[in-house]
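**Q** task: produce atomic coordinates for the following.
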Amino acid sequence: MLRYAWRRVGPVEAADMASETFKVAWEKYHRFPSDQPLPWLYATARNLISNAIRRDNRRDALLWDGSVMLSDTGEDHAAGVAARQEALAALRGLSEADRELLLLMSWEGLDLRQAAAVVGCSRPTAAMRLHRARKRLRYLLSEDARPVAERKPSYEGNIL
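**A** Numbering: from 1, shown residues only. All right, here's what the predicted structure looks like:
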């Protein structure tokens, strides 16, 4: 749970979210599924994190004054940072539900049945959504999805 929360809300709030998940599990022990607890715990953590994000977004909207702060460190960013940004942008190109399903299976190591239980759909529905999400992600990471101005030329050094 800590690892899941860490990836969703960062290191500052991860421990709080994980402990809150287990607190809810303790409070709802009579409804806790003892045969398959992991999907239930992930679904609970997901709900708690979603609530916290909505709360933070409402607070930030009240405090936001519309100004954007830019900082220039003068450092040259490595290709790894650009690749990470590209991957994150591709993930943001997926719907929230598809992104959640994909990350539960790839980062959290849940199987399809468990991930389907977390997101609240049947296994066949999850399988179809996962297939479509992976296909969309491959497209978003491909050269074809980039704007023409950002594409690498297919020929190098051909100057007329």
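**Q** hmm, residue 15 is touching residue 2, no?
**A** Yes - using C-beta atoms under 8 Å, residue 15 is in contact with residue 2, at 6.6 Å. Backbone N, C-alpha and C define where each C-beta goes, glycine included.
**Q** buried set for the helix or strand bottoming out on mean pLDDT in the chain?
**A** Using mean pLDDT, DSSP states H and E, helix 79-92 stands out as the lowest-scoring helix or strand of the chain, at a mean of 78. Neighbour-count burial for helix 79-92 flags 90, 91 (criterion: 16 or more other C-beta atoms under 10 Å).
**Q** residues in contact with that helix: which ones?
**A** Residues from elsewhere that reach helix 79-92, judged by C-beta atoms under 8 Å, 6 or more residues apart in numbering: 99, 102, 103, 137, 140, 141, 145.
**Q** now the chain, which segments are flagged as low pLDDT?
**A** For the chain, the stretches with pLDDT under 70 are 59-80, 145-160.
**Q** ok, which stretches of it are helices?
**A** 2-9, 11-27, 37-63, 79-92, 96-106, 112-119, 123-141 (DSSP state H).
**Q** I am finished for the moment; much appreciated.
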